[in-house]
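# I'll drop the sequence and a predicted model, then ask my questions.
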Amino acid sequence: MNKLILVLYCLLLAPLGLRGQEYTLLIKGGHLIDPKNNISRPMDIGVHEGRIKKVAENIDPSLARQVVDAKGMYVTPGLIDIHGHVFAGTRPDHYLSDGFVAVMPDGFTFRVGVTTIVDCGGAGWSIFNTFKENIIYNSRTRVLSFLNIVGAGMRGGKWEQDTSDMDPNLAAAVALKNRNDIVGFKVAHFQGRDWKVVENAVKAGEIAKMPVIVDFGGATPPLPLDELLLKKLRPGDIFTHTYTLLPGDIRETIVDEEKGRVKPFVWEARKRGIVFDVGYGGASFNYTQAIPALKEGFYPTTISTDLHTGSMNGSMKDMLAVMSKFHQMGMKLEDVIKASTWTPAVVIQRESLGHLSEGAIADIAVFSMRKGSFGFYDKTGYKVLAKEKLECELTVKGGSIVFDLNGIAEPIYPR
């Protein structure tokens, strides 16, 4: 008799108790933008056990433990910032490599919808373990790394000019050993009049089968940009700080300043498969380069911040500010989202990220488009006015809400 009662309970009563557990989280009523899957329309997203379980036009909210009302908002994959500096530390004279200028990621990522950030060259092969132990292991943000070709990393000054510390074999060995954390190699700040640093980084990339990202310039007169883009880099390699004009004759621009046109070899490089990254930074974005380039349709492949204390407190601000600027300059919102989610995922060979397919990791961002009067400016003080900008309402990392600006989740803290 007792066994019969138990069977009846399992068949009849238990399913009623499970109705609220089909989804741990439901994001309902938002305008979903998922570039990988060519979706830009109202859709609901049901999440369970850290994964996206269902994407549909109308999911019953009674099936979810926690519901987010995203009506009037945009729902996107979690943003991927492939150029940030999060190797924060306390060592003097260490710049962006365990020094004071980099920032701890969690304080500056989730609040703008970023769930994955790539530290861009802070760590080299000889200091990567410190970065891994201090930052990667202690961050809720997914932190990856472009390994600096300089063993000492982005320490600044003489350390970044030491060609004897640019060993492609050692760099590749560390990258292969840490392939879950390292996505490629970084070249930056080299002032020499030769190509050794780029060639060593590319060699490391060939050994490890990973891309190279290049912060080009520093030599006087500058090395030719067309040679870098057409002869030295490979398809899939990344040219960052695309829209910059640096003072002095130390870096060639992509836009001919006299003609106001994108140089022909830059278009050719794009056809070759070179990735053009924003890398906004503290001094690496000029409207006088970006506006004419975008008018011609030369949009960035990937949007990124070059996050550090100088850029975030200067004209850059954060990922959403940079995205809003490119939207204001004429990029469709769907293209802005694609350049901040799916495309960077492909570039860094992490195709499990950057999309909202059923079964995918549940990294999700919810944005509102704030209306008003806003001033966007660059490092020179060049200012443009905008009537709208993106604002993060909520961020989900691995199925859990990690940021909720206005408490739009119900309940806010599930029990």
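Received, thanks. Note that the structure is a prediction, hence the values are computed from the model and not measured. Numbering: from 1, shown residues only.

# you'd agree Leu394 is up against Ser368?
No: using CB atoms under 8 Å, Leu394 makes no contact with Ser368, being 9.8 Å away. Every C-beta, even on glycine, is put in place using the N, C-alpha and C of the backbone.

# which SS class is Val118?
With DSSP: H, G, I helix; E, B strand; the rest coil as the basis, Val118 sits in strand.

# Am I right that Ile380 is in a strand?
One thing to correct before we go on: residue 380 is Thr, not Ile. No: with three-state DSSP as the criterion, Thr380 is coil rather than part of a strand.

# What spatial separation is found between it and Arg251?
16 Å (CB to CB, to the nearest Å).

# Comparing those two, which shows the higher neighbour count?
Applying other CB atoms under 10 Å to Thr380 and Arg251 shows that Arg251 carries more neighbours, namely 20 against 14.

# ok, now which ones touch the most centrally placed residue in the chain?
In the chain, the centroid-proximal residue (CA atoms, centre = their mean) is Asp81; its distance is 1.2 Å. Asp81 is in contact with 109, 114, 116-118, 304-305, 307, 319, 340, 344, counting by CB atoms under 8 Å, 6 or more residues apart in numbering.

# Give me the subset of those residues lying in helices.
When the contacts of Asp81 are checked against helices (DSSP state H), the matches are 319, 344.

# Drop anything exposed from the contacts of Asp81.
109, 114, 116-118, 304-305, 307, 319, 340, 344 (16 or more other CB atoms under 10 Å).

# Low-confidence regions, this protein specifically.
1-20 (pLDDT under 70).

# which parts of the longest helix anywhere in it are buried?
Longest helix in the chain, counting residues (DSSP H): helix 196-208. Neighbour counts over helix 196-208 (16+ other CB under 10 Å) mark 197-198, 200-205, 207-208 as buried.

# which stretches of the stretch 1-150 of the chain form helices?
With helices called from DSSP state H, counting those that start in this stretch, the stretch 1-150 of the chain shows them at 2-8, 14-18, 128-131.

# the more surrounded of Leu394 and Ser368?
Leu394 (26 against 20).

# picking that back up, closest to Arg350 out of the contacts of Asp81?
Thr116 (7.6 Å; CB to CB).

# That closest one pairs with what?
Ile80, Arg142 (DSSP bridges).

# ok, it touching Leu353?
Yes: with contact defined as CB under 8 Å, Thr116 counts as touching Leu353 (5.9 Å).

# shared neighbours of those two, which are they?
78, 80, 142, 363.

# Report the spatially closest residue to Phe367, excluding sequence-adjacent ones.
Tyr74 (4.6 Å; CB to CB, 6 or more residues apart in numbering).

# repeat for His327
Counting by CB to CB, 6+ apart, the nearest residue to His327 once its immediate chain neighbours are dropped is Val336, at 5.1 Å.

# Check the secondary structure at that neighbour for me.
Using three-state DSSP, the structure places Val336 in helix.

# And for it, the neighbour number?
25.

# Just want to check the distance between it and Leu233.
Noted for Val336: a distance of 25 Å to Leu233, by CB to CB.

# can you check Thr109 too?
Distance from Thr109 to Leu233, by CB to CB: 28 Å.

# got it, and Leu320?
Distance, Leu320 to Leu233, using CB to CB: 29 Å.

# Comparing the two, which residue is more hemmed in?
Remark: of Leu320 and Leu233, Leu233 carries more neighbours, 27 against 22, as counted by other CB under 10 Å.

# Identify the residues contacting that one.
198, 202, 212, 214, 239, 269, 274 are the contacts of Leu233 under CB under 8 Å, 6+ apart.

# how about CSV for the residues you listed, with secondary structure and distance to Tyr287 added?
Below are the contacts of Leu233 laid out as CSV (DSSP: H, G, I helix; E, B strand; the rest coil; distance: CB to CB, whole Å):
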residue, secondary structure, distance to Tyr287
Val198, helix, 28
Val202, helix, 32
Val212, strand, 28
Val214, strand, 23
Phe239, strand, 19
Ala269, helix, 22
Ile274, coil, 23
